[in-house]
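1. curious how this folds, go ahead:
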Amino acid sequence: MTNGESPPPMAWRYCGNQIKLWRTRAAITREELGKEAGYEYESVKSMEQGRRKPTLKILEVADEMCGAHGLLLAAQDYLKPERFPSYSQDYMRYEAEAVVLSWYEAQFIPGLLQTEEYARTLIGSYWPPLDDETVEERVAARLARHSLLEKQTKSFNFVIAESALRHPIGDLEEHRHQLRHLLAAGTPRHVTIQVLRVGGSHPGLSGPFVLLETPDHDQLAYEEGQMMGILYAEPVKVSVLAQRHAMILRQALRPEESVQFIRALVEEL
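-> Presented below is the predicted three-dimensional model:
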């Protein structure tokens, strides 16, 4: 399990440490480096300690001042934003390999089914706010995952709560586009989309989750919260979520009924 308290990326820490080593070797103080680069002492300290991503500006100035001859500047290629939050990276690897994926979502359209506008609005509303470069990288990464749906030897089942379908993330036109995209995405025979109507009690009220089956037929489950993601491999925990998913399926509309329901929503907008 990883969570919001996990350490900064290793690339940040390594690069920051290299800046410190080169600066110390050249007998340059943090104050001197900061003044030349236009940063306060604490900002330089945070970058050297890896708590803040070293900027291109600090790399350029440190490389010149310390006589690194491009060795520090070369680090910029390793400081690109992470494509996914740290707590979800293990899940992403298994998602790409899975032969069966069963996803229940209570609040949002599942990431594999999101339009670019929907994904951009969600990622752009992350708090604390992300810089533009990170937003663009994560939107691109989410859209790239859509290619998984093209693999006809994989099986995908999505159950989406009615509340998620009725809640516009962007403006109404973007919402229509998202609902139409769901209708198109659910057309292939290996992709099933079902709607869980509002009302009543069911296991899905406890939150969303994903069940995965690997090519070796191992069973995994994934849950994600505000600041953490948990990937389960323990048979008992996976079994509990599989049982809950079975109960949710019993209460969800059939695929053909779900198509009619989503079409009706589009017409209402």
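2. grab the nearest non-local neighbour of residue 202.
-> Excluding the flanking residues, the one nearest residue 202 by Cβ to Cβ, 6 or more residues apart in numbering is residue 251, at 5.2 Å. All C-beta atoms are positioned from the backbone trio N, CA, C, and that covers glycine.
3. can you check residue 123 too?
-> Nearest residue to residue 123, sequence neighbours excluded (Cβ to Cβ, 6+ apart): residue 138, at 5.1 Å.
4. residues in contact with the helix or strand hosting that neighbour: which ones?
-> With elements delineated by DSSP states H and E, residue 138 resides in helix 132-144, which encompasses its position. Counting by Cβ atoms under 8 Å, 6 or more residues apart in numbering, the neighbours of helix 132-144 from elsewhere in the structure are 80-84, 111, 114, 116, 119-120, 123-124, 130.
5. same check on stretch 211-221?
-> By Cβ under 8 Å, 6+ apart, the list of residues contacting stretch 211-221 from outside reads 94-95, 97-103, 209-210, 222, 231-233, 235, 237-238, 241-242, 245.
6. okay, now the unreliable bits of this protein?
-> By pLDDT under 70, the low-scoring segments of the chain are 1-7.
7. what residue lies at the spatial centre of it?
-> residue 84 (4.5 Å; Cα atoms, centre = their mean).
8. so which strand or helix has the residue nearest to it when sequence neighbours are not counted?
-> If the residues on either side of it in the chain are set aside, residue 84 comes closest to residue 92, at 5.3 Å by Cβ to Cβ, 6+ apart. Assessed by DSSP H and E, residue 92 sits inside helix 89-97.
9. which residues does the residue nearest to the centre of the chain contact?
-> 92, 138, 141.
10. just to revisit the earlier point, buried residues of the helix holding residue 138, list them for me.
-> With burial defined by 16 or more other Cβ atoms under 10 Å, the residues of helix 132-144 counted as buried are 134-135, 137-139, 141-142.
11. tilt between it and helix 89-97?
-> Using axes from the mean of the first three to the mean of the last three Cα atoms, to 10 degrees, the inter-axis angle of helix 132-144 relative to helix 89-97 is 30 degrees.
12. and helix 132-144, how far from the chain's centre?
-> Between the mean C-alpha location of helix 132-144 and the chain-wide mean there is a distance of 9 Å, by Cα atoms, centre = their mean, to the nearest Å.
13. so which elements touch the following helix or strand past it?
-> Sequence order places strand 155-161 as the next helix or strand after helix 132-144, per DSSP H and E. The contact analysis (3 or more Cβ pairs under 8 Å, 6 or more residues apart in numbering; DSSP states H and E) places strand 155-161 against strand 100-105, strand 191-196, helix 235-251.
14. mind redoing it with 7 Å?
-> Here strand 155-161 is seen to pack against strand 100-105, strand 191-196 when contacts are counted using 3 or more Cβ pairs under 7 Å, 6 or more residues apart in numbering; DSSP states H and E.
15. grab the nearest non-local neighbour of residue 20.
-> Ranked by Cβ to Cβ, 6+ apart and with sequence neighbours excluded, the top spatial neighbour of residue 20 is residue 48, at 4.3 Å.
16. show me the contacts for the one you found.
-> By Cβ atoms under 7 Å, 6 or more residues apart in numbering, the contact set of residue 48 is 16, 19-20.
17. one more time with 8 Å
-> If you count contacts by Cβ under 8 Å, 6+ apart, then residue 48 has 16-17, 19-20, 23, 30 around it.
18. save these as CSV, and put in secondary structure, distance to residue 67 and neighbour count too.
-> Shown next, in CSV, are those (DSSP: H, G, I helix; E, B strand; the rest coil; distance: Cβ to Cβ, whole Å; neighbours: other Cβ atoms under 10 Å):
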residue, secondary structure, distance to residue 67, neighbour count
16, helix, 19, 24
17, helix, 18, 13
19, helix, 13, 26
20, helix, 15, 19
23, helix, 11, 21
30, helix, 18, 20
